[in-house]
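Asks: okay, here's the prediction I keep looking at, along with the sequence it came from:
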Amino acid sequence: ANAGLQVAKEAAIKQAESASRAAESLMTTPAVDESTGTADIKDLTEALEKAKKEAVTAKKDVASMKSQSESLAKEFDRLMGEKDQLERKVNIMGSGEKKDD
């Protein structure tokens with residue numbers, strides 16, 4: 001489960017980086033209308049806003065996945081502790097034999 005979260009996290013980070021690169025590209029290299037020699041500001045502004053929204057969404061996804069991953073790790077640790085306690089109880093009760101899964 002943790003590996004899946006890691007892959008999703010990396011994908012979200014790559015999406016955010018891509019959106020940032022696209023925004024930077026649009027800011028540094030304006031699209032020039034060949035007939036008039038001017039940049040279409042409206043299109044550039046829309047593309048920039050879209051890239052910003054994608055970056056924000058990707059950052060939220062990363063934060064969500066990080067939180068989810070931390071919760072899973074805590075739950076895993078809790079369950080491992082519970083398992084260890086139960087194993088100790090079984091050994092104390094005189095079983096003495098460990099069962100192989």
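Replies: Happy to help now that I have it.
Asks: distance between stretch 80-91 and the chain's centre?
Replies: 34 Å (CA atoms, centre = their mean, to the nearest Å).
Asks: how about the strands in the chain?
Replies: Read by DSSP state E, the chain holds no strands at all.
Asks: so where's the longest helix in it?
Replies: helix 41-92 (DSSP state H).
Asks: tell me what that helix is packed against?
Replies: Secondary-structure packing of helix 41-92 (3 or more CB pairs under 8 Å, 6 or more residues apart in numbering; DSSP states H and E): helix 2-28. No exception for glycine: its C-beta is placed from N, CA and C like everyone else's.
Asks: tell me the buried residues in the helix it packs on?
Replies: Neighbour-count burial for helix 2-28 flags 5, 8-9, 12, 15-16, 19, 22-23, 26 (criterion: 16 or more other CB atoms under 10 Å).
Asks: quick check: the farthest pair among the residues you listed?
Replies: For the buried residues of helix 2-28, the maximum inter-member distance is 31.6 Å, found between 5 and 26 (CB to CB).
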